[in-house]
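S.K.: Kindly generate the corresponding structure for this input.
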Amino acid sequence: MKGRTKEVTHKIMASIKSKDTKPELIFRNALWKRHIRYRKHVKIFGNPDIAIKKYKIVIFIDGDFWHGNNYKLRKLGTLETELEGYSVFWKEKIHKNIQRDMKVNQYFESLGWTVLRFWQSEIENDLYQCVEKTIRIIEEKKDI
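M.R.: Numbering: from 1, shown residues only. Modelled structure (predicted):
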């Protein structure tokens, strides 16, 4: 038998948190230390991980696997190459997530909000850069 059973895969995937993930906690803590105040898991369209309403900024911390960035981490040429070995369910799930992300971005941008999306791997590998980008956007919005 090759690989693991569907039941084992289901159990593993079901145990993965969608809120208050380690990258979210690290990022929020870093913002808080820089005196950036925010709301988490605001019940607005797209359920952003972080919202800074004063400056019309929403922030999403996207998991590399769930939102289609895994192929880059594995140094594969395209998302389709990554998905070749996936079941139909997972291919559709990841494509739907990507499409939903684009709709959410369009929605907020149409209302004049800034959408920031950081990959989980970006936060894990260069938290400073992610925080600095957020602060730059806030500073730009202060000047408007």
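S.K.: Going by C-alpha atoms from here, please, whenever you check contacts or count neighbours.
M.R.: Will do.
S.K.: Against residue 91, how distant is residue 4?
M.R.: To residue 91, residue 4 is 18 Å away according to Cα to Cα, to the nearest Å.
S.K.: So for the two, which residue has more residues nearby?
M.R.: residue 91 (17 against 8; other Cα atoms under 10 Å).
S.K.: Pretty sure the more buried one sits against residue 85.
M.R.: No. When contacts are counted by Cα atoms under 8 Å, residue 91 is not listed as touching residue 85 (9.2 Å).
S.K.: Helix or strand: which one has residue 75?
M.R.: Using DSSP states H and E, residue 75 is not contained in any helix or strand.
S.K.: what distance separates the helix or strand containing residue 107 from the centre of its chain?
M.R.: Element membership for residue 107, per DSSP H and E: helix 88-110. Relative to the centre of its chain, helix 88-110 is centred 11 Å away, using Cα atoms, centre = their mean, to the nearest Å.
S.K.: Who are the packing partners of it?
M.R.: Packing partners of helix 88-110 (3 or more Cα pairs under 8 Å, 6 or more residues apart in numbering; DSSP states H and E): strand 114-119.
S.K.: pLDDT (mean, whole number) over the strand it packs on?
M.R.: Summarised as a single mean, pLDDT over strand 114-119 is 98.
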